[in-house]
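Visitor: with the input below, show me the fold.
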Amino acid sequence: MTNNTLPVNFLYLGGDKCGSTWIWHILNQHPDVALANAKEIFYFDRFYEKGEDWYRRQFPKQSQAMRVGEICHDYLYSETALERIARDLPQDSRFLVTVRSPVARSVSHWKYMLKIGRTNLRFEDAVREYPEIVENSLFGKNVQNARTYLGANRVFVLDFDQLKTDPKGFGRSLCSALDVPFIETLPYEDRILEAQSARNPALVSVLRNGGWVLRRLGLPSLVSKVKTNPLVSKALYTSDPAKTPPEPGAEILQELSDLFAPDQARLAELMDQGLKNRLETQAV
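Guide: Residues are numbered from 1 along each chain as shown. Have a look, this model is predicted:
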């Protein structure tokens, strides 16, 4: 049975390494949007057993915002989470997905894993050791899943390339997807850096594990504050070119491009169909 008591009427579902931090940064400053007290609550996939009351406490009390929601880039990859979202959120909810070049996303995913100390493998080896590097780039498959569970007209797909080349235009698309006013003066030109290199990957790994302990204790906002603190970032990470990992070779990049081609065709078809459906709905 659909539950309309939750305070949420939008979610950013994914993908990861697709601009979720920038979206969180901008929407936190939008007067008609209220976000959870922390980026990435992980309620619908990891902490659902904590219950609705716990989830409500992660949001501002008595918010009058037009849209109240959470930015969590993992929901897109969990059919269990999508099923729970479909059951628990109101019918007027909207869901955001950002897509990008699947090869570029996979490389960014690998660099992030290096940064947090999860692996020290070369890209060529990491894509075989960690299937999620490839699977999380299957946007056609994942967008189809989201639309199947949540409804095609409620899932809005945004283009990461637009964020890179035209951030204000991306901001306009974001506001349109949420059906909130576009605010001209928000800092759309602010840049959120992609993964840097860790000064000490082992230390970063230990701290991340500690962060998950805090989340399980019900303190996601504390984790968020630490992660976004510029002094912490400066202490843990560096942009020193000497620590920058070598770029993957052309052969593995072409191999992945060929692998992703059918899924990219599937995504293009979904995008065309989604636009057609929305135009027909608006014409009624």
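
Visitor: could you use CA atoms for every contact and neighbour count after this?
Guide: Will do.

Visitor: strands of this protein, start to end?
Guide: Taking DSSP state E as the test, the strands found in the chain are 10-14, 33-35, 67-71, 94-99, 155-159, 197-198, 237-238.

Visitor: any chance of these in CSV with mean neighbour count and mean pLDDT as columns?
Guide: Converted to CSV, the strands of the chain look like this (neighbours: other CA atoms under 10 Å; pLDDT from 0 to 100):
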stretch, mean neighbour count, mean pLDDT
strand 10-14, 24, 97
strand 33-35, 22, 95
strand 67-71, 23, 96
strand 94-99, 24, 97
strand 155-159, 21, 96
strand 197-198, 24, 64
strand 237-238, 18, 62
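
Visitor: can the ones you listed go into TSV with extra columns for distance to residue 169?
Guide: Listed next are these as TSV, based on distance: least, CA to CA, whole Å:
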stretch	distance to residue 169
strand 10-14	18
strand 33-35	18
strand 67-71	20
strand 94-99	14
strand 155-159	10
strand 197-198	30
strand 237-238	31
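
Visitor: closest one to residue 120 among those strands?
Guide: Nearest of the strands of the chain to residue 120, taken as CA to CA: strand 197-198 at 11.6 Å.

Visitor: show me what contacts the residue nearest in space to the middle of the chain?
Guide: Central residue of the chain (CA atoms, centre = their mean): residue 73, 2.8 Å from the mean position. Contacts here follow CA atoms under 8 Å, 6 or more residues apart in numbering; on that basis residue 73 touches 12-16, 20, 40.

Visitor: ok, of those, which one's closest to residue 110?
Guide: residue 16 (11.7 Å).

Visitor: gap between that closest one and residue 77?
Guide: 10 Å (CA to CA, to the nearest Å).

Visitor: shared neighbours of the two, which are they?
Guide: residue 136.

Visitor: got a list of what the residue lying closest to residue 65 once chain neighbours are set aside touches?
Guide: Distance criterion CA to CA, 6 or more residues apart in numbering; nearest residue to residue 65, sequence neighbours excluded, is residue 32 at 4.7 Å. Listed by CA under 8 Å, 6+ apart, the contact partners of residue 32 are 65-67, 180-181.

Visitor: which of those residues are buried?
Guide: 67, 180 (16 or more other CA atoms under 10 Å).

Visitor: wait, doesn't residue 159 sit right on residue 96?
Guide: No: the criterion here is CA atoms under 8 Å, and residue 159 misses it with residue 96 at 10.8 Å.

Visitor: identify the farthest-apart pair in the contacts of residue 73.
Guide: Among the contacts of residue 73, 15 and 40 lie farthest apart (CA to CA), at 12.6 Å.

Visitor: neighbour count for the two, which is higher?
Guide: More crowded of residue 15 and residue 40, by other CA atoms under 10 Å: residue 15, with 26 against 22.
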